[in-house]
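J.: Quick one: sequence and predicted model below, then my questions.
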There are 4 protein chains.
Amino acid sequence: MLVFAQFGAGRIGAIHAANLAASGTARLAHVVDVNAAAATALAGRHGARVSDTAAALADPAVGAVIIASSTDTHADLIIAAARAGKAIFCEKPIDLSLARVDQALDAVRAAGVPMLVGFNRRFDPNFAELHRRIGAGAIGVVEQVVITSRDPGPPPLDYIKVSGGMFRDMTIHDFDMARWMLGEEPIEVFATGAALVDPAIAAAGDIDSAMVLLRCASGRMAHINNSRRAAYGYDQRVEVHGSLGRLIAGNRVATTVEQADATTVGTDKPMPFFLERYADAYRIELAAFIDAVANRTPMPVGARDGRQALVLAEAALRSLHENRPVRIA
Amino acid sequence: MLVFAQFGAGRIGAIHAANLAASGTARLAHVVDVNAAAATALAGRHGARVSDTAAALADPAVGAVIIASSTDTHADLIIAAARAGKAIFCEKPIDLSLARVDQALDAVRAAGVPMLVGFNRRFDPNFAELHRRIGAGAIGVVEQVVITSRDPGPPPLDYIKVSGGMFRDMTIHDFDMARWMLGEEPIEVFATGAALVDPAIAAAGDIDSAMVLLRCASGRMAHINNSRRAAYGYDQRVEVHGSLGRLIAGNRVATTVEQADATTVGTDKPMPFFLERYADAYRIELAAFIDAVANRTPMPVGARDGRQALVLAEAALRSLHENRPVRIA
Amino acid sequence: MLVFAQFGAGRIGAIHAANLAASGTARLAHVVDVNAAAATALAGRHGARVSDTAAALADPAVGAVIIASSTDTHADLIIAAARAGKAIFCEKPIDLSLARVDQALDAVRAAGVPMLVGFNRRFDPNFAELHRRIGAGAIGVVEQVVITSRDPGPPPLDYIKVSGGMFRDMTIHDFDMARWMLGEEPIEVFATGAALVDPAIAAAGDIDSAMVLLRCASGRMAHINNSRRAAYGYDQRVEVHGSLGRLIAGNRVATTVEQADATTVGTDKPMPFFLERYADAYRIELAAFIDAVANRTPMPVGARDGRQALVLAEAALRSLHENRPVRIA
Amino acid sequence: MLVFAQFGAGRIGAIHAANLAASGTARLAHVVDVNAAAATALAGRHGARVSDTAAALADPAVGAVIIASSTDTHADLIIAAARAGKAIFCEKPIDLSLARVDQALDAVRAAGVPMLVGFNRRFDPNFAELHRRIGAGAIGVVEQVVITSRDPGPPPLDYIKVSGGMFRDMTIHDFDMARWMLGEEPIEVFATGAALVDPAIAAAGDIDSAMVLLRCASGRMAHINNSRRAAYGYDQRVEVHGSLGRLIAGNRVATTVEQADATTVGTDKPMPFFLERYADAYRIELAAFIDAVANRTPMPVGARDGRQALVLAEAALRSLHENRPVRIA
């Protein structure tokens, strides 16, 4: 039974802690959060104790950490956890600065600890099955990938201001998905974007609507379309075209009820947001981490995946600002 | 925190025990099963102890029982649990004999204990939402109900021989669903059936394929079609027609992946069987029971519902044998 | 180029005349209708002349007739056309009386002329493809058939009064479809019905809502559900279950547009009524008739099919009145 | 009744001639084609006579021309027809050279004749309904457009060599669709492409796979993905996102048959190619042309639309070659 210390007792931290408690293969021992009330509540719910970082990492019983605190704390916590020899589950992004990411990854490499970066969508049963079929040859050689990723509504402006911008905050998931589905590293990014949803987002120096093209050396290509607003819910779809056919993974719905009346034939809207849509993914993701630690097998999403998605996000940001395709180093 | 004794440590018992453990609002104290190994394993998994019926029911801490043992034990356990003043969650059917059902229900009534009969499909989010919309007036006045209920494959012949026949064993769920969706008691049943899947089922005196019509006093009507075999999975659909439109609740699938290739555009088959399709339903059902006990509110599926479904099953059986519509007393 | 005389210049007559004109393989020479204005208009539109029955049938150039006049004229026209040696395309039903049907069929048999009965749904590309796949073994041995057939709204009461009742007028199409899909003659019918849509229909001695069960000697069975009202359009679906799987042919829609908004994810309603839904079927049906006449091949829907559907309709009516299953002679 | 001369008796010419014959509002008088056999066959089928260009245009009875000959003849024929005062229906593209297009359009403008450019997809009932709903405000303000346009297989290499390249030959339809759906002129194009389907296409200097981004002054944006190969049929979809929701127009299928078996739940593949998918569109397009000529109303797709799509295609080609976004003059 793997013993965890968890950093961060907010919304996403609560999900991981609950999945950990239900896993049957792990136990939460320490909760660390600058918000003492949140830490106490979460620790109490799962029979853990409130600690500070040093105490949590000094506990020799602790084999692994979950880093679900604010992004600006991730790199330091990774470095400290790596030095303490703990296995690391870190929410995305590792950091908003590539230099800091590399410092963190150096520490992980030096310590030889396993690390998983929380690209939860890889564990969504729909996307995972789509990817499995690509590997099984169902559509032959991959040629084009189209990713639709649209939030139901924009986050608070205060969040946007510290988010690192749409590409680092939101599209980063899609960059990871594109890399995974393409099966080949993009070598060039072109991005366009605008604030079509809310002018306050433009005033904050960010965009809320974007379209991106990625190109690989072999000629494979991917498209991402993003919006911070979708009136009908959280729109998360992946479409992959290959030499032998097409695979699409669509949205999930709460129920299969179809209503036909004088107006329309209507079905459920997509699930409202990530907590609902990716509930299974979060559970499967943590189980995969625990399993990989226990069996000393490779992490399904490694540190390098976290870094490369950020590289693409930074290139997209430069492309947007300079209005030109940007080469990936 | 409601304390439970559970009778039956088989497949369905394991589901209820796991849901109970994960509920956060209840605790399993006793497991009773003639199969000592099964009882020990299940009790061990959830921190309960292995008991016999008398000890379990004598425990004053126990507030509720789950009866998930073989059908022929249900009535006696209901009577004993009722006399011990325990709230009762009983798997369907209450008994294969209406006389025995009435004895059990008399005991429940006399003791004044709450009882839920395990018609799990009422808690399926799809059927529940369909039913909610009927109540909300989405399709006006209900006129016709069509229920499709087809198992992936027949159970072992040994099970069929003691099952009470297809109508009491399998269609009983559909009779309950029909009553629920019609919103009115059927007054007449006509049934036809045959053994089209396996002649051994005919040799055992049972059928494996059936079509049923139900008629209400108002003229509302319902159709049920059943088969013990569906090559594509577990087919569970409900369609309700009303004066203002139509509601359909279809099958659930494991993933939304759609594959288009030179052959077809294919999607997932329906989930394989009840464990997968009704996993949510079982969880919600138990939570509803715990909630109704805790808040002393009426049970969402009561003892009378269990009885009436059996009344319809018996009438269908008589209709099949006598080839005539049978009036419900 | 086959030369036609057409009896009936009403709504359905206009469809056949237009399809005939567009066929490129036939020509309309005579139009006969008690309504002189309608006859003149239709004849004018297609370069035909207005005739009376005797003149039309006496024309040696005429090789075939289309009988699309009112039902009570069908039998006499069939007999006259048969005696004149013309190939016969007759709208359903042949007649409301089985005795009259048999007289007409005797005349057809005696004359040795080919005859097609207008069960247009057999030529619907969706149902035809479903049927083709049954024949190709796609779902193994047929076991159960479920037919949904619901009109958008009831016809005028005056029509209902002379229609022969819902089973002879509307369900007759579904009886034909059931026979075709079952691939075996039903030996027994059980029917239930009510006037749920409009009490005036009950006052006129008819029903507007029905459910029917059909049983074959092999144990195969079929269900039909009917309503004279569907708020969402014309609902025409067929579902066939076999030992290896299931085939469904659903409704057609005008466009594939899907609209997702804050309310729902909505698609087009089914096409409004038979003129739209079966436009292709009418065209293909006439072409099949012309082709069978030209090539002296068997008619795809013969005189006996017209008779047997009426036999089932009469049995259903007796079943409804006597509330018992009725054996097919 | 509008009298036509038609230039071109090939595959697309045959479609227009047949639609013209069936329209009931127009008549084909002259067929002109360098292939005398094709001209004779088509003229014979529709009661027209074989002519040369001069004779056809000199006929004062002729009110309109259909130009469906090879692309390199379009501009000259437009100029000649305009000078002869005929209404012009011209297949896309007007010409592969923008200079030639402008010469042709100058002639049209000088003559004051009406001209429709054959962007058939605007008349597809699915795309037309989607566009109508945008106009009706169903999804609020348009923000993003995603166009999927994939051919079942590449054309012969000889055709590719004279086609002007994929952007001018195939994507030109999508550029028109993007302009139409955006409701605003794109000001910048970025395109990427590769020959992933067949290296011989690369050897011929062309691509067979492409992704394009279009940007408008308001910030609205569009994406197009193309391939010369789709194993599952002709893939033609449009998706438009607005402030209030999303509209999708999907592929059409030949039948609604769904087959569920041990392998999958499969539906029809998209219709095979443009002849099937756009059969309705071609018919409606010609009727719209005839109607606009007869009523002297504006053409639904005008000469400028033909020009602007080519402008976007040329910009895309430059973008591909220079690997940079290209501004629209």
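T.: Nice, thanks for sending it over.

J.: ok, now which ones touch the residue most central in space within chain A?
T.: Among the residues of chain A, the one closest to the centroid is A:Phe119, at 3.0 Å (Cα atoms, centre = their mean). Counting by Cβ atoms under 8 Å, 6 or more residues apart in numbering or on different chains, A:Phe119 touches A:92, A:173, A:176-177, A:301, A:305-306, A:309. All C-beta spots, glycine's among them, are computed from the backbone N, C-alpha and C.

J.: swap in A:Leu214?
T.: Residues in contact with A:Leu214 (Cβ under 8 Å, 6+ apart) are A:175, A:178, A:182, A:186, A:188-189, A:221-224, A:312.

J.: 10 Å instead?
T.: A:145, A:147, A:174-175, A:178-179, A:182, A:184-191, A:220-224, A:312, A:315-316, A:325, A:328, D:192, D:211 (Cβ atoms under 10 Å, 6 or more residues apart in numbering or on different chains).

J.: any idea how far stretch A:265-276 is from the chain center?
T.: 20 Å (Cα atoms, centre = their mean, to the nearest Å).

J.: first to last residue in it, what's the distance?
T.: With Cα to Cα, to the nearest Å as the measure, stretch A:265-276 spans 24 Å from end to end.

J.: close enough to count as contact, A:Thr13 and A:Arg45?
T.: Check again: residue A:13 is Gly, not Thr. No: using Cβ atoms under 10 Å as the test, A:Gly13 is too far from A:Arg45 to be in contact (11.3 Å).

J.: anything in contact with each of these two?
T.: A:Val31.

J.: And A:Ser70, how far from chain D?
T.: For A:Ser70, the distance to chain D equals 31 Å [Cβ to the nearest Cβ, to the nearest Å].

J.: Around the closest residue to that residue other than its chain neighbours, how many other residues sit close by?
T.: Once flanking residues are discounted, A:Ser70 sits nearest to A:Gly8: 7.5 Å by Cβ to Cβ, 6 or more residues apart in numbering or on different chains. Close neighbours of A:Gly8, defined as other Cβ atoms under 10 Å in any protein chain shown, add up to 27.

J.: Give me the pLDDT value at A:Gly8.
T.: We note a pLDDT of 97 for A:Gly8 in this prediction.

J.: Next up, the contacts around it.
T.: Contact analysis of A:Gly8 by Cβ under 10 Å, 6+ apart lists A:14, A:16-17, A:31-35, A:38-39, A:42, A:66-70, A:73-74, A:77, A:91.

J.: and the residue in the stretch 101-250 of chain A that chain C sits nearest to, which of the three is it?
T.: Residue nearest to chain C within the stretch 101-250 of chain A (Cβ to the nearest Cβ): A:Tyr232, separated by 3.8 Å. With DSSP: H, G, I helix; E, B strand; the rest coil as the basis, A:Tyr232 sits in coil.

J.: The nearest residue to it once chain neighbours are set aside sits in which helix or strand?
T.: If the residues on either side of it in the chain are set aside, A:Tyr232 comes closest to C:Ala260, at 3.8 Å by Cβ to Cβ, 6+ apart. Element membership for C:Ala260, per DSSP states H and E: strand C:257-261.

J.: and the next element down the chain from that strand?
T.: Trace forward from strand C:257-261 with DSSP H and E and the next one is strand C:265-267.

J.: Sheet-wise, list the partners of that following strand with their directions.
T.: strand A:265-267 (antiparallel), strand C:257-261 (antiparallel) (DSSP bridges).

J.: mean confidence score for the shortest one?
T.: What it means is strand A:265-267. What strand A:265-267 shows for mean pLDDT is 98.

J.: neighbouring contacts of that strand?
T.: With Cβ under 10 Å, 6+ apart, strand A:265-267 has contacts from A:253, A:255-260, B:245-246, B:248, B:250, C:232-233, C:251, C:253, C:258-261, C:263-270.

J.: Can you get me a residue count around A:Ile134?
T.: Residues near A:Ile134, counting by other Cβ under 10 Å: 20.

J.: again, but for A:Ala249
T.: A:Ala249, neighbours per other Cβ under 10 Å, totals 24.

J.: on that earlier part again, only the buried subset of the contacts of A:Gly8, as a ChimeraX command please.
T.: With 16 or more other Cβ atoms under 10 Å in any protein chain shown as the criterion, this ChimeraX line picks the buried residues out of the contacts of A:Gly8:
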select /A:14,16,17,31,32,33,38,39,42,66,67,68,69,73,74,77,91
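
J.: Mean neighbour count added to the strands paired with strand C:265-267, as TSV?
T.: TSV is the format used below for the strands paired with strand C:265-267 (neighbours: other Cβ atoms under 10 Å in any protein chain shown):
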stretch	mean neighbour count
strand A:265-267	21
strand C:257-261	22
